[in-house]
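Enquirer: the sequence isn't on hand, but the structure is:
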């Protein structure tokens, strides 16, 4: 898939890994819309990269549907997530333990539901960010590993729903976590080595293409 002139929505694209993805997508000619909460960070990204920006809380159920209706992306990248609260299992409160569930998993649910119920146009791609922790655990980050595993499972569920709704032609791909550079280049676009080089290890995704 060529990225030239493709409409791409990236949640959590104003900093960190998400920002690296946005930079790479722009370099390959995509028309990117960045969704994040920090209006100042979005202003900086917009000025530097010329992308569209939308200030929104990704855990707001109404925001997902509204933004997808407005942008109608060819590619949706669900990257936004909370920084896990660190500590041993015996030291974490329930709020600490579930912080990533309240952001990563809640946002994942709402955006996957919106993508399915809109639905996105045939041939669209949805990429769901996960982590190697989903497979191997992460004992000092509370519920982070479980949250990332749940996103992986939810993406598989979304594939199933899409398949049920469309009896022919569903193209889907689900893989075990692997080093991100190879994974992103092969599953996201099969076209962009520099995009892969911008990504860190420990990121995994699941895609589906509505038919």
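Expert: Happy to help now that I have it. From a predicted model like this one, the values you see are computed outputs, not experimental measurements. Numbers count the residues shown, from 1 in each chain.

Enquirer: which residues are in contact with the host helix or strand of residue 62?
Expert: Using DSSP states H and E, residue 62 sits in helix 61-71. With Cβ atoms under 8 Å, 6 or more residues apart in numbering as the test, helix 61-71 has contacts from 7, 9, 33, 35, 52, 54, 56-58, 76, 107, 110-111, 113-115, 117-118, 120. Glycine gets a C-beta too; all of them are placed from N, C-alpha and C.

Enquirer: show the buried residues in the residues you listed.
Expert: Buried members of those, scored by 16 or more other Cβ atoms under 10 Å, are 7, 9, 33, 35, 54, 56, 58, 76, 107, 110-111, 113-115, 120.

Enquirer: please flag which of those residues sit within strands.
Expert: 7, 9, 33, 35, 54, 76 (DSSP state E).

Enquirer: need these in a markdown table (columns: pLDDT and distance to residue 41).
Expert: Shown next, in a markdown table, are those (pLDDT from 0 to 100; distance: Cβ to Cβ, whole Å):
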| residue | pLDDT | distance to residue 41 |
| --- | --- | --- |
| 7 | 97 | 21 |
| 9 | 98 | 17 |
| 33 | 98 | 15 |
| 35 | 98 | 12 |
| 54 | 98 | 13 |
| 76 | 98 | 20 |
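
Enquirer: report the buried residues of the top helix by length along the chain.
Expert: Determined from DSSP state H, the single longest helix within the chain is helix 144-165. Of the residues in helix 144-165, 144-152, 154-155, 158-159, 162-163 count as buried by neighbour count, 16+ other Cβ under 10 Å.

Enquirer: wait, doesn't residue 86 sit right on residue 139?
Expert: No. If you go by Cβ atoms under 8 Å, residue 86 and residue 139 don't touch, sitting 10.3 Å apart.

Enquirer: who's sitting farthest from the centroid in this structure?
Expert: residue 90 (30.8 Å; Cα atoms, centre = their mean).

Enquirer: and the pLDDT at it?
Expert: Note for residue 90: predicted pLDDT of 95.

Enquirer: ok but residue 127 is inside a helix, no?
Expert: No. The assignment for residue 127, made by DSSP: H, G, I helix; E, B strand; the rest coil, is strand rather than a helix.

Enquirer: when you give positions from now on, start the count at 38
Expert: Okay, using 38 as the starting number, the last item reads as residue 164.

Enquirer: give me the neighbour count for it.
Expert: 24 (other Cβ atoms under 10 Å).

Enquirer: let me know the pLDDT of it.
Expert: pLDDT at residue 164 comes out at 94.

Enquirer: what's the answer for the one 3 residues further on, then?
Expert: We note a pLDDT of 89 for residue 167 in this prediction.

Enquirer: swap in the one 10 residues further on?
Expert: At residue 177, the model reports a pLDDT of 94.
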